[in-house]
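[1] quick one: sequence and predicted model below, then my questions.
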Amino acid sequence: MDTNYTVLARKYRSQDFQSLIGQDVLVKTLTTAINTGRIAHAYIFTGIRGTGKTSTARILAKALNCLSSDGPTATPCGKCENCRAIAAGQHIDVLEIDAASHTGVDNMREILDAAQYRPTNGRYKVYIIDEVHMLSASAFNALLKTLEEPPAHVIFILATTEIRKVPVTILSRCQRFDLVRVPVDTLKTHFAWIAEQEKVELSDAANELLARAADGSVRDGLSLLDQAIAQTGGHVDEQAVMDMLKRADRGVVVDFMQTILSGNVAAAMAKVDEIYTNGADLTMLLMDMMEWTHWATRMHPVLRASVGDNVPYTADQRARINEINKHVSLNTLSRIWQVMVASVSEMAASVNQKQCFDMLVVRLMHIADMPSLPEILKQEKSDTSHPAPTVAPAPKQDVITINSATDLADALQAAREIMLYSYFTKNIEISDITNNCISYFDRGDDAEFQKKLIIWLNTKTGQNWTLNKIEKSGQNQTVREQIEHDVESDPMVADAMSLFADAEIVGISKQ
Ligand SMILES: [Zn+2]
């Protein structure tokens with residue numbers, strides 16, 4: 001092993017404005033300001049970690065103090081005494097302060113007292129205060145005093161990942177720059193270049209995965225690349241990165257979502273087991289499913305939106321998403337998204353992620369299977385022979401035999417008569433069904449129920465039905481109670497219920 005190995009993020013740290021990755025606007029504004037001599041007394045750089053805040057601060061410090069020209073220059077030489085000392089973090093006039101470890105006011109005062117003295121070797125005394133939001137209120141006050149009347153030779157460069165925690169009084173005295181998340185393509189180009197310099201193989205698909213996992217941070221991406229190189233001995237391919245990130249293949253995710261949306265519970269559960277056994281991290285899988293849902297939504301024909309080349313799927317996967325989208329409404333996608341979002345914290349809090357994930361899948365299938373409220377309303381108004389759009393093949397409508405409460409419940413559900421279905425299964429105790437005559441007790445208070453059900457039955461079956469409402473409960477179970485009884489006696493459910501003291505069954509998704 002090479003004991004002198006320098007991590008890539010440090011080895012390839014940007015040394016001048018031109019080599020800053022993905023911060024074009026900032027570079028243009030700063031270089032113009034320096035070239036025209038408009039130098040502020042205080043700057044604040046904000047952005048997520050690893051976007052180049054401290055690198056930019058050091059480059060700016062070099063630009064101010066480089067000896068290659070008579071004054072500040074937008075193109076510091078990188079070779080002079082000052083440039084080299086600053087790059088190494090050893091320049092006597094450039095103080096890098098980590099606010100996290102200098103939060104106290106005494107610390108801050110001590111540092112700021114020295115600001116009165118003229119720089120020793122440079123033109124400017126530069127204070128780089130990293131993670132400035134960590135300072136205490138009194139330390140901020142001390143800083144503010146100096147910022148209000150800064151000595152001419154002092155420049156402050158503040159950096160923070162949490163700009164909202166920096167007092168407005170401080171912000172108003174700083175020139176602010178927002179460092180953006182570095183786009184995937186820019187990261188890819190950068191990583192490919194570094195791989196070339198390092199003489200390691202990095203496949204395009206592996207690079208894509210790394211760049212996406214980096215989520216806009218050059219440093220995060222490079223530390224992943226470091227790790228991948230170490231694990232593969234320099235042959236970084238897609239599989240290796242997927243193993244490292246514990247991610248399932250995008251193709252697997254597309255397959256999986258297709259299975260869920262097709263309503264085949266058994267197949268979906270088998271897939272979960274398979275993906276899980278193959279070692280995928282279920283939290284990551286959920287992230288990938290959310291990514292899928294996001295892109296399926298953006299690609300949905302109803303939106304007619306151009307998604308450009310940002311879609312992270314292959315042409316074949318895109319074609320399949322388009323195919324799925326023909327049968328899924330925007331509304332369904334949006335509800336799927338909501339359930340997934342809620343599951344993120346549920347998964348994090350759960351001791352058994354697999355159980356949690358299984359239940360999530362069941363819920364998703366339930367959503368995919370349910371018509372939306374507008375669909376229900378539309379259907380109630382229009383001809384009942386017009387089935388609501390669905391991915392699963394529409395159940396045969398021509399022959400309906402109703403011999404029991406469960407038959408009727410199933411028929412209502414198949415016809416997507418959700419209001420009727422819900423009322424019926426919850427409130428109606430059937431005591432007898434024979435010869436198109438139903439005797440029942442109604443626990444609820446919907447006076448219209450009988451009328452609605454008769455109309456539905458007559459239209460649906462083409463026969464005349466009689467509904468005989470009896471006044472006294474025959475102590476029969478409602479369909480819902482029957483199902484609950486069946487479910488509660490299922491050993492898997494009983495196990496789940498015993499795990500959570502206050503658990504109750506609030507909904508049951510029928511297969
Ligand atoms: Zn220089």
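    Cool, got the structure.
[2] wouldn't Ile194 be in contact with Arg13 here?
    No - Ile194 lies out of contact with Arg13 (Cβ atoms under 8 Å); the separation is 11.6 Å. The C-beta positions use only the backbone N, C-alpha and C, and glycine is treated the same way.
[3] C-terminal to the helix or strand of the chain with the lowest mean pLDDT, what's the next element?
    Least confident helix or strand, the chain: helix 373-381 with a mean of 59, by mean pLDDT, DSSP states H and E. Counting by DSSP states H and E, the element after helix 373-381 in chain order, helix or strand, is helix 405-414.
[4] for the ion, see how far away the residue most central in space within the chain is.
    Nearest to the geometric centre of the chain sits Met287, at 5.9 Å (Cα atoms, centre = their mean). Note on Met287: its distance to the ion, by Cβ to the ion, to the nearest Å, is 45 Å.
[5] please export the C-alpha coordinates of the host helix or strand of that residue as PDB.
    Using DSSP H and E, Met287 sits within helix 282-298. Taking Å, rounded to 0.1, in the frame of the first residue of the first chain, the C-alpha atoms of helix 282-298 are listed here in PDB:
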ATOM      1  CA  LEU A 282     -34.100  -0.900   1.600                       C
ATOM      2  CA  THR A 283     -33.800   2.800   2.500                       C
ATOM      3  CA  MET A 284     -31.800   3.300  -0.700                       C
ATOM      4  CA  LEU A 285     -34.400   1.300  -2.600                       C
ATOM      5  CA  LEU A 286     -37.100   3.600  -1.300                       C
ATOM      6  CA  MET A 287     -35.000   6.600  -2.400                       C
ATOM      7  CA  ASP A 288     -34.700   5.000  -5.900                       C
ATOM      8  CA  MET A 289     -38.500   4.400  -5.900                       C
ATOM      9  CA  MET A 290     -39.000   8.000  -5.100                       C
ATOM     10  CA  GLU A 291     -36.600   9.000  -7.900                       C
ATOM     11  CA  TRP A 292     -38.700   6.800 -10.200                       C
ATOM     12  CA  THR A 293     -41.900   8.400  -9.000                       C
ATOM     13  CA  HIS A 294     -40.500  11.800  -9.500                       C
ATOM     14  CA  TRP A 295     -39.400  11.100 -13.000                       C
ATOM     15  CA  ALA A 296     -42.500   9.200 -14.000                       C
ATOM     16  CA  THR A 297     -44.500  12.300 -12.900                       C
ATOM     17  CA  ARG A 298     -42.300  14.600 -14.800                       C
END
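[6] and it, what does it pack against?
    helix 250-262, helix 315-325, helix 330-349, helix 353-369 (3 or more Cβ pairs under 8 Å, 6 or more residues apart in numbering; DSSP states H and E).
[7] so can I have TSV of those helices showing mean pLDDT, distance to the ion and mean neighbour count?
    Output for these, formatted as TSV (pLDDT from 0 to 100; distance: least, Cβ to the ion, whole Å; neighbours: other Cβ atoms under 10 Å):
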stretch	mean pLDDT	distance to the ion	mean neighbour count
helix 250-262	87	46	20
helix 315-325	88	49	15
helix 330-349	91	48	16
helix 353-369	88	54	19
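[8] for those, which one sits closest to Gly78?
    With Cβ to Cβ as the criterion, Gly78 lies closest to helix 250-262 of these, at 41.4 Å.
[9] residues contacting that closest one, please?
    248, 267-268, 271-272, 275, 280, 285, 288-289, 291-293, 296, 312-314, 317, 320-321, 324, 327-328, 361, 364-365, 368, 391-392 (Cβ atoms under 8 Å, 6 or more residues apart in numbering).
[10] the closest residue to Ile438 other than its chain neighbours: which element?
    Nearest in space to Ile438, with sequence neighbours left out and distances taken as Cβ to Cβ, 6 or more residues apart in numbering, is Leu467 at 5.4 Å. Per DSSP H and E: Leu467 is located in strand 466-469.
[11] tell me the strands beside that strand, with direction?
    Strands that pair with strand 466-469, judged by DSSP bridges, come out as strand 437-442 (parallel).
[12] this completes my enquiry, with thanks.
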